[in-house]
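> Give me a model of this one.
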Amino acid sequence: MTTTAEPRHDRPSRTPLTTTAEPRVDVAALTDQLLGQYADLRREARAVAGLPDFHKVEGMPMAEHRDRVLHQLRELAAHHDVLRAFPTHLGGADDHGGSLSRFEELVAADPSLQIKAGVQWGLFASAILHLGTQRHHEELLPAAMSVDVPGAFAMTETGHGSDVSSIGTTAEYDPETGEFVLHTPFRAAWKDYLGNAAQHGTAAVVFAQLITAAPGGPRVNHGVHAFYVPLRDPATGEFLPGIGGEDDGFKGGLNGIDNGRLHFDHVRVPRDRLLNRYGDVAADGTYSSPIASPGRRFFTMLGTLVQGRVSLDGAAANASKIALAIAVTYANQRRQFAGAGADEVVLLDYQRHQRRLLPLLAETYAATFAHEELLAMFDEVFSGRGDTPEGREDLETLAAALKPSSTWHALRTLQECREACGGAGFLAENRLVGLHQDLDVYVTFEGDNTVLYQLVGKRLLGDYVKALKAGGAGDVARFVADRAVHRTPLIRAAQTLADVGDARRSAGQLRDEATQRELLTDRVEVMVAELAAALRPASKLPADQAAALVNAHQHELVEAARAHAERVLWEAFTRGVHAATDPGTQQVLTWLRDLFGLTLVERHLAWYLVNGRLSAGRARTVSSYIDRLLVRLRPHAQDLVDAFGYGPEHLRAPIASGAEARRQDEARAHYRAERVAGREAVPEKHVR
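Predicted coordinates for the structure are as follows:
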């Protein structure tokens, strides 16, 4: 089965209201570029996602949807090469990047299936793989891989989600029996929102505070560790003694997943069920770890599970592609309001409609190119080729920057596409509403987006402080002098003189790649430097006052991280432009990259004006040049969404099937026939 959209012979002309000679997009070549280094694996996964047996059935009752998704999961395990991330000798391929590239494509079939697969293999089985040792791999992984043991990933608690280090569940070692006693001491410590917990899971990887007492020593909390814990009798589905739980019930989306809660009442777990790659307990209760620092040990353990954020970044980008393919195709066929001629005008010929969709299309391209780079970094680290502390830190920072950007972008894109399709967009059969519901939770699981941006901001601050220490006071002085220049009208005056009132000259500067890079980079550097200066007194304050100072600047921290993520996206897009080999395609991608970059500048125009980075004249040119780019890109909009490579079996939206074009052709033929036959009624205003 091919996964590249076939040419649509019923597509409308791509010619806008104003025509100029334009380059053409090589759709097939651009599709290959967008599919990236794992193009063949993605095509295979899309072939599976295109099979009706894996499609979401809109409106299906929750119980049936859950059963359907569990069946689909087992079919994937048995027949469709979804175990690539696992060891070769157990039936995998030791291919971490390739595994995620396939997994992300399942969003086109049913986001519930994608996330259920993520729970089973990306969280439950991967925790065994990355936190366990060889003994755990041999004993526990085969059943987790085959879904003979559906599993839950029991980290999040009702009272603690993002702050994992503060979870309340405990696992205290009993040296007399050689067991851990797993206990939920209060209601807020219940494990919550867990996929597979409400119904299907027969085991879980449970995260708890590990407490030991070495002979003659005090009770010591060694922090959060992971344990393999059976949950239910596989034959009856009943909870095992000491274990209880609840069903989370009907949710705002993803109702093919049985999310639920778990709690434990002094449940005894054998010592060898501690996943002990990073921390072990001897028979006498002595604790040992290859990582001496408790903080570094904690972040190392959590870092092994970064693949969830990587995969959500890719899946969110794919959902945006599907939404835009539906909305742009519909906008190229749907007509509304009479133009200068007899025919009504295609929606995408309206400038406002272009303003709604094309900047989102540009950002989706940026997200696609950035995700390929994230996936390459992920594979570099998890394959072992680049598995260093610095490599892991860079991977975690990049994932923490891109996952919020792509998931928030997906929700904006789905909503705008829904509105741009009018009433038809609200029909469940056209998928936009359902995708929005299913992707809604992407912004809070695998790391709340705002918290992730805070992690990125802290990394930026840390790097800035290191750079200052390495450079000495001279760097600070140069920064202060630079800021003094930019706080005066000098730079604005220089821009005004350079432009001499000529809007075309301003536009020429703004479309320059180096200018865009400077604007985006400067914003990040200034925001980080100002934040560092504001927080510098914290190092000399009492802990409570230092915390209050940091809290007072939390918004600036998040915004600096957002600015950094935007720059990362722009840089990835720029590298994608340079990688295009067809001249026409490269020209169109350049315009699309410029649209993305200038949309970012327009979005933050107040900052650039307040901080003296743009003159008033050049600032006015930003929006006008965006409008010019929309006209240039209009003829290529359909090619740009077709290049995503999704066929009708993936879109599954009647409004993107050509049905609208046929309706419009029928209506136009009817009115033409009426005019030719002289039967067309004369409008009242013409009679008057």
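
> What are the boundaries of the strands in the stretch 251-400 of the chain?
260-264, 267-270, 280-281, 287-288, 335-338, 344-346 (DSSP state E, counting those that start in this stretch).

> Any idea which of those strands gets closest to residue 576?
In terms of Cβ to Cβ, the element of these nearest to residue 576 is strand 344-346, at 28.7 Å. C-betas here are computed from N, CA, C, even on glycine.

> who does the closest one pair up with?
Here strand 344-346 is paired, per DSSP bridges, with strand 335-338 (antiparallel).

> and the strands of the stretch 251-400 of the chain as a markdown table, adding mean pLDDT, mean neighbour count and distance to residue 591?
Listed next are the strands of the stretch 251-400 of the chain as a markdown table, based on pLDDT from 0 to 100; neighbours: other Cβ atoms under 10 Å; distance: least, Cβ to Cβ, whole Å:
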| stretch | mean pLDDT | mean neighbour count | distance to residue 591 |
| --- | --- | --- | --- |
| strand 260-264 | 98 | 23 | 49 |
| strand 267-270 | 98 | 17 | 59 |
| strand 280-281 | 97 | 20 | 57 |
| strand 287-288 | 96 | 14 | 59 |
| strand 335-338 | 87 | 12 | 26 |
| strand 344-346 | 90 | 19 | 20 |
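
> Now render those strands as JSON lines, adding distance to residue 687.
Shown next, in JSON lines, are these (distance: least, Cβ to Cβ, whole Å):
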{"stretch": "strand 260-264", "distance to residue 687": "69"}
{"stretch": "strand 267-270", "distance to residue 687": "86"}
{"stretch": "strand 280-281", "distance to residue 687": "93"}
{"stretch": "strand 287-288", "distance to residue 687": "94"}
{"stretch": "strand 335-338", "distance to residue 687": "18"}
{"stretch": "strand 344-346", "distance to residue 687": "22"}
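
> of all the ones you listed, which lies closest to residue 381?
Of the strands of the stretch 251-400 of the chain, nearest to residue 381 by Cβ to Cβ is strand 280-281, at 23.9 Å.

> who touches the closest one?
Strand 280-281 has contacts (Cβ atoms under 8 Å, 6 or more residues apart in numbering) with 173, 210, 212, 271, 274, 287-289.

> Of these, just the buried ones, ChimeraX syntax please.
In ChimeraX, this line selects whichever of those come out buried by 16 or more other Cβ atoms under 10 Å:
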select :173,210,212,271,274,287,289
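
> got CSV for the contacts of strand 280-281, with distance to residue 225 too?
Shown next, in CSV, are the contacts of strand 280-281 (distance: Cβ to Cβ, whole Å):
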residue, distance to residue 225
173, 11
210, 4
212, 10
271, 12
274, 6
287, 10
288, 12
289, 10
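
> Relative to residue 669, which of the contacts of strand 280-281 is nearest.
residue 274 (73.2 Å).

> Give me the pLDDT for that closest one.
You'll see residue 274 listed with a pLDDT of 98.

> Tell me which residues touch it, please.
171, 180, 210, 225-227, 280-281.

> Dig out what it forms beta bridges with.
residue 227.

> How about residue 95: what's its closest non-neighbour residue?
Closest residue to residue 95 apart from its sequence neighbours, by Cβ to Cβ, 6 or more residues apart in numbering: residue 84 at 4.3 Å.

> dump the residue contacts of the one you found.
Contacts of residue 84 by Cβ under 8 Å, 6+ apart are 41, 92-96, 98-99, 102.

> With secondary structure, distance to residue 392 and pLDDT added, can I get those in JSON lines?
Output for the contacts of residue 84, formatted as JSON lines (DSSP: H, G, I helix; E, B strand; the rest coil; distance: Cβ to Cβ, whole Å; pLDDT from 0 to 100):
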{"residue": "41", "secondary structure": "helix", "distance to residue 392": "24", "pLDDT": "97"}
{"residue": "92", "secondary structure": "coil", "distance to residue 392": "21", "pLDDT": "95"}
{"residue": "93", "secondary structure": "coil", "distance to residue 392": "22", "pLDDT": "96"}
{"residue": "94", "secondary structure": "coil", "distance to residue 392": "18", "pLDDT": "95"}
{"residue": "95", "secondary structure": "coil", "distance to residue 392": "19", "pLDDT": "96"}
{"residue": "96", "secondary structure": "helix", "distance to residue 392": "13", "pLDDT": "95"}
{"residue": "98", "secondary structure": "helix", "distance to residue 392": "20", "pLDDT": "96"}
{"residue": "99", "secondary structure": "helix", "distance to residue 392": "18", "pLDDT": "96"}
{"residue": "102", "secondary structure": "helix", "distance to residue 392": "23", "pLDDT": "95"}
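
> Which members of these are classed as buried?
By 16+ other Cβ under 10 Å, those give 41, 92, 94-96, 98-99, 102 as buried.

> Just the helices from the stretch 551-688 of the chain, written as ranges.
Assigned by DSSP state H, counting those that start in this stretch, the stretch 551-688 of the chain shows helices spanning 554-579, 583-603, 605-610, 616-633, 637-642, 648-651, 659-676, 684-687.

> ok, residue 522 - contacts?
Contacts of residue 522 were listed using Cβ under 8 Å, 6+ apart, and they are residue 613.

> Residue 159 now?
Contacts for residue 159 were tallied using Cβ under 8 Å, 6+ apart; they are 168, 188-189.

> From residue 93, how far out is the residue nearest to the spatial centre of the chain?
The centre of the chain sits closest to residue 313, judged by Cα atoms, centre = their mean, with a distance of 2.4 Å. Distance of residue 313 to residue 93, computed by Cβ to Cβ, to the nearest Å: 22 Å.

> can you check residue 419 too?
43 Å.

> repeat for residue 249
38 Å.

> Excluding chain neighbours, what is closest to residue 69?
residue 256 (3.8 Å).

> Quick check, the one you found in contact with residue 110.
Yes: applying Cβ atoms under 8 Å, one finds residue 256 in contact with residue 110, separated by 6.3 Å.

> The two - which one has more neighbours?
Applying other Cβ atoms under 10 Å to residue 256 and residue 110 shows that residue 256 carries more neighbours, namely 26 against 23.

> can you give me phi and psi for that one?
phi -80, psi 0 (degrees, to the nearest 10).

> give the contact list for residue 150.
70, 73, 120, 196, 200-203.

> okay, now the closest residue to residue 447 other than its chain neighbours: neighbour count?
Excluding its sequence neighbours, the residue lying closest to residue 447 (Cβ to Cβ, 6+ apart) is residue 309, at 5.9 Å. Other residues near residue 309 number 24, with proximity taken as other Cβ under 10 Å.

> With residue 429 instead?
If you count neighbours by other Cβ under 10 Å, residue 429 ends up with 13.

> which residues touch residue 573?
Residue 573 makes contacts with 365-366, 369-370, 592-593, 596, as judged by Cβ under 8 Å, 6+ apart.

> for those residues, which one is nearest residue 386?
Nearest to residue 386, judged by Cβ to Cβ, of these is residue 370 at 18.2 Å.

> With adjacent residues omitted, what lies nearest to the closest one?
Closest residue in space to residue 370, ignoring its immediate chain neighbours: residue 572 at 3.8 Å, by Cβ to Cβ, 6+ apart.
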